[in-house]
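Could you look at this predicted model? Sequence included:
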Amino acid sequence: MCGIAGYINLKSEMIRNTAPIISMLQSQKHRGPDDSGVRAFSLSRGTSLELDPIFPQAISGNFEGIIGFNRLSILDLSLNGHQPMISPDGKIILMLNGEIYNAFDFKPELVRDGYRFRSTSDTEVVLSLYIKYGFEKMILLLNGMFAIVVIDLGKRITYIARDRYGIKPIYYFHDNVTLAFSSEIKSFLCLENFIPQLNLDNLDEFMLFRSNVEGTLYKGVNAVAPGSFIAYSHDAGLHQCYYYCVESLIREGNRGHKFEDSISSLSNSLSSSVKSQLISDVKLGCQLSGGIDSSLVTWFANRSLEHGGFEAVSIVFENSFYSEEEYIDKVAGQLGIVAHKFALHSDYYFENLERATWHFEAPLNHPNTVAIFLLSQRAKEYVTVLLSGEGADEIFGGYPRYYDLSFPFLNRLFAEKIYEGFSNQSNIMDYFDPVLRSVLASSFISPLVAGQLYSNFNKFNAIDKRSQIYRSLTGSLFSRQVKYEIMTYLPDLLIRQDKMSMAHSIENRVPFLDNTVVEDSFRIPEDHLIRRYSKEGLNTEKYLLKKSAEKIFGKEFSFRKKMGFGVPVRQFYSNRRFLEYIHDEIIPGTRIRGVLDSKYIEAWIKAPQNISYHESEALWISIAFEAWAKTFLDK
């Protein structure tokens, strides 16, 4: 897990010193404190030069591009794993942030073909795969989480790619002068021609969903989309290609597929995934929430380690309504592992809100983001790599809305929309539109509340891109929703995991998003994943995972009501220092900025315990938005 940075002068202006790239690296040093590398290059001349990564220096020679890398050493802790890594002939330069879990499966074949390896890192294997197969075949072979930059000086082209599901971030800034790319947006602040400005075109969508499927809230800054790469050459310019599409996943029918076979298939693929993700030359553990997803990952990991003694880290709360401490203790006790538990208090929450925002580089999408920040901070005392259960809900139908949308007129959600319809007719009409019903199911506030808070709010602009994505999908209502959530909701959660863990130089791995686990999940019949009726109760989501966990941890553990990872944010609003911060900085800042309507924030914060769910969510995003704008836009 590392940090990538670089830029190319598009007008062929030569780079004369290393100060900007070193500043870019320093801004994200937390991503890779163990080693750094800098290399200047020229696509037009096919040359490159390694430079000092610490002390700024003048550059002699003609180079219109420069790259830098911060390394968090996980595999091969020696300097043989140094990046940017260069091919033996000096024509290929490669940077890899992430881990490729199947890399060493290719090594025997590559050795037979004459490739020689200096390191035991996965990066060198990927470099060899590129040399042998070229970019487009190489990228399809990889099973893991990654952002990859390849500079081919022979072909005069640069590739920038992101893994299938968006586990690792990579951003790019493109104007008429510069193409810059980085693991973190804040690195662009080190460039003279980058001025952080609010992208109002993306604000409508952000208000409803707290994320953007394309672009960011910064003008001119985009994220490389999951499953895609961008390519740049001086002749052809910049273009984007998709090498993987979730729509290619097709769910097979139910005939002849026994439930026990599905459990066995899941067990085999998840066990294999966890085992492959235990490769590490540093200490690793598990992010244990007490839910069934992280508990299963912990069980498989503990079983796979020969020496045992696997450790876990967890967040707990004084408020028992939010805490799953008893389930954390059950898993730890049953497996005989140490569980390090860290309590999240309101003072910590307030004191680290803006620190977490600086690392997240956007308004904190979920209140629990600060909890993951704390978890990673304390976890660093014990481990460097953490396995988590992220992705299971999206892949295996873990949200109640999966059931609600599969049976749209026989559920709790429909009853709620009928009730809301008495005060807002558009809510119920939206529900009768199958596309709007599915797209808006993962929104955090209603269009009505969004319109109150942001007077220029346009619902159709907010949902346009997501509606297009949903309409492009095929399959049953359930399968379409799974694909839609993988493409829209999941990357948002993965970015949160990456940035909060990397803030403290922790690598976070997600076994449920292994290529084979995801592909195998679409071989599981739909009624094995969600059940209208079962002996355990009505309307059961993520049924297969719950039955799998029941075999290990028991029925009471597995079929309890889903809690998610909530934090008592309404209670935290009552913290005196937090209230002072809201009244002294958030509300005045909102008034001056003139984007959101401060009168609603003032009204909601007077009695946060009494406001509705949608109003509470709107209050949170108002605070998070102003904290972000204050941190980044006011520079």
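That came in fine, so what should we check first?

and the longest helix along the chain, what other elements does it pack with?
The longest helix of the chain (DSSP state H) is helix 259-276. Packing contacts for helix 259-276, counted by 3 or more CB pairs under 8 Å, 6 or more residues apart in numbering; DSSP states H and E, involve helix 292-304, helix 515-521, helix 543-553. Where C-beta positions appear, they are placed from N, C-alpha and C, glycine not excepted.

wait, which of those helices is closest to Thr216?
helix 515-521 (25.7 Å; CB to CB).

Show me which parts of that closest one are buried, residue by residue.
Asn515, Val517, Val518, Asp520, Ser521 (16 or more other CB atoms under 10 Å).

Deepest in the core, which of the helices and strands packed on helix 259-276 is it.
Stretch with highest mean neighbour count among the helices and strands packed on helix 259-276: helix 292-304 (a mean of 23; mean count of other CB atoms under 10 Å).

hang on, the earlier thing: closest one of the buried residues of helix 515-521 to Leu110?
Asn515 (20.0 Å).

ok, that closest one - contacts?
When contacts are counted by CB atoms under 8 Å, 6 or more residues apart in numbering, Asn515 touches Asn143, Arg164.

And for Ile524?
Counted by CB under 8 Å, 6+ apart, Ile524 has contacts Arg251, His257, Ser262, Ser265, Leu266, Leu544.

swap in Glu390?
Here Glu390 is in contact with Asp293, Leu493, Leu494, Gln497, Asn508, Val510, Phe512, Leu513 (CB under 8 Å, 6+ apart).

Farthest-apart pair in the buried residues of helix 515-521, please.
So, the buried residues of helix 515-521 by CB to CB: farthest apart are Asn515 and Ser521, at 11.0 Å.

Tell me where the stretch 501-635 of the chain has helices.
Per DSSP state H, counting those that start in this stretch, the stretch 501-635 of the chain carries helices over the ranges 515-521, 543-553, 555-558, 569-572, 576-581, 587-593, 598-606, 613-628.

what do you get for the stretch 351-500 of the chain?
369-379, 392-396, 400-406, 412-421, 425-432, 434-440, 447-453, 459-471, 477-488, 490-502.

now do the stretch 51-200 of the chain
With DSSP H, counting those that start in this stretch, the ranges of helices along the stretch 51-200 of the chain come out as 107-112, 122-133, 135-141.

deepest of those, which one?
Ranked by mean neighbours (mean count of other CB under 10 Å), the helices of the stretch 51-200 of the chain are led by helix 122-133, with a mean of 22.

tell me the mean pLDDT over that one?
Averaged across helix 122-133, pLDDT comes to 97.

starting at the chain centroid, how far to it?
Distance, stretch centre to chain centre, for helix 122-133: 25 Å (CA atoms, centre = their mean, to the nearest Å).

Using CSV, write out the CA atom coordinates for it.
Taking C-alpha atoms only, helix 122-133 is exported to CSV below (Å, rounded to 0.1, in the frame of the first residue of the first chain):
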residue,chain,number,x,y,z
ASP,A,122,4.5,-8.6,-6.6
THR,A,123,5.5,-5.4,-8.4
GLU,A,124,8.3,-7.0,-10.3
VAL,A,125,6.0,-9.9,-11.4
VAL,A,126,3.5,-7.3,-12.8
LEU,A,127,6.3,-5.5,-14.6
SER,A,128,7.3,-8.9,-16.2
LEU,A,129,3.7,-9.6,-17.2
TYR,A,130,3.5,-6.2,-18.9
ILE,A,131,6.7,-6.9,-20.8
LYS,A,132,5.5,-10.4,-21.9
TYR,A,133,1.8,-9.6,-22.7
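
I am finished for the moment; much appreciated.
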